[in-house]
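In: Sequence below, structure please.
(one chain, ligands or ions: 1)
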Amino acid sequence: MLIEKTALPGVLAMTPRRFGDHRGYFSESWSRAAMSDAGIEIDFVQDNHSLSATPGTVRGLHFQAPPRAQHKLVRCGRGALLDVAVDIRRGSPNYGRWTAVELTEQNGRQLLVPAGFAHGFITRLPDTEIVYKCSDGYAPETEGALLWNDPDLGIDWQLDQLDSRTEAVLSEKDAMAARFEGFESPFSYDAPLPWETPS
Ligand SMILES: Cc1cn([C@H]2C[C@H](O)[C@@H](COP(=O)(O)OP(=O)(O)O[C@H]3O[C@H](C)C(=O)[C@H](O)[C@H]3O)O2)c(=O)[nH]c1=O
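Out: Numbers count the residues shown, from 1 in each chain. I've put the predicted structure just below:
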């Protein structure tokens, strides 16, 4: 398992080893031991899987508030997407900062999005599937959302990578998500995450 820091402390890129042969490839897409060897002890309890038919589909920026906050380990099962994490921990030295990493079926890269970070993605190919492990179950009463293209966050969704005629496809919930200005985050930065070292 190759583990790399991203531009945003706390968010890690992980790429499991692939064993290719004439049939294709095999990979241990997740291993508690491999994570533990890297000092990352997370008890995942739920797998999520969504398919987005149209390129330019945006899901996010979402989070579940404490006590139901979720660490997520995200990968692309089919197609390609740009995965985004935003540090929304009040008092964090990186509050409001974001990172965007391309996850594709081809590159096998995964993103560890810790609790305290909002998560979202935009798809780049038709029928893109995202699969991700969560460290807590679904608690809709604790869900929060921030507007994906909020100018105060200034996320570069790399829309130039999409066909110029592509319009973002959003759920109604996401289209009306809260602005970052005046956002009262439920997360506070008490201490760095065990694996959070400055990039
Ligand atoms: C998240 C979730 C949803 N649902 C049900 C609720 C709705 O009836 C339906 C679609 O939910 P939603 O529109 O919230 O799905 P996404 O827009 O893909 O939301 C996810 O997208 C971003 C990128 C995330 O990181 C979160 O995991 C999650 O918020 O699935 C469940 O039954 N269990 C769940 O854990």
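In: isn't Arg68 right up against Cys134?
Out: No. Judged on Cβ atoms under 8 Å, Arg68 makes no contact with Cys134 at a distance of 10.0 Å. (Glycine included, C-beta is placed from N, CA and C.)
In: which of the two has more neighbours?
Out: Neighbour count, other Cβ atoms under 10 Å: between Arg68 and Cys134, Cys134 has more, with 21 against 18.
In: For the spatially most central residue of the chain, give me the pLDDT.
Out: The chain has His119 as the residue nearest its centroid, 4.5 Å off, counting by Cα atoms, centre = their mean. His119 carries a pLDDT value of 98.
In: Specify the beta-bridge partners of the nearest residue to it once chain neighbours are set aside.
Out: In space, and not counting its chain neighbours, His119 is closest to Val113: 4.7 Å by Cβ to Cβ, 6 or more residues apart in numbering. Beta-bridge partners recorded for Val113 (DSSP bridges): Lys72.
In: Is Val113 in contact with Ile130, as I believe?
Out: No. With contacts counted by Cβ under 8 Å, Val113 stays clear of Ile130, the gap being 11.7 Å.
In: Need the overlap of contacts for those two.
Out: Residues touching both Val113 and Ile130 (Cβ atoms under 8 Å, 6 or more residues apart in numbering) are Val74.
In: neighbour-wise, which of these two wins?
Out: Set Val113 next to Ile130 and count neighbours by other Cβ under 10 Å: Val113 wins out with 28 against 21.
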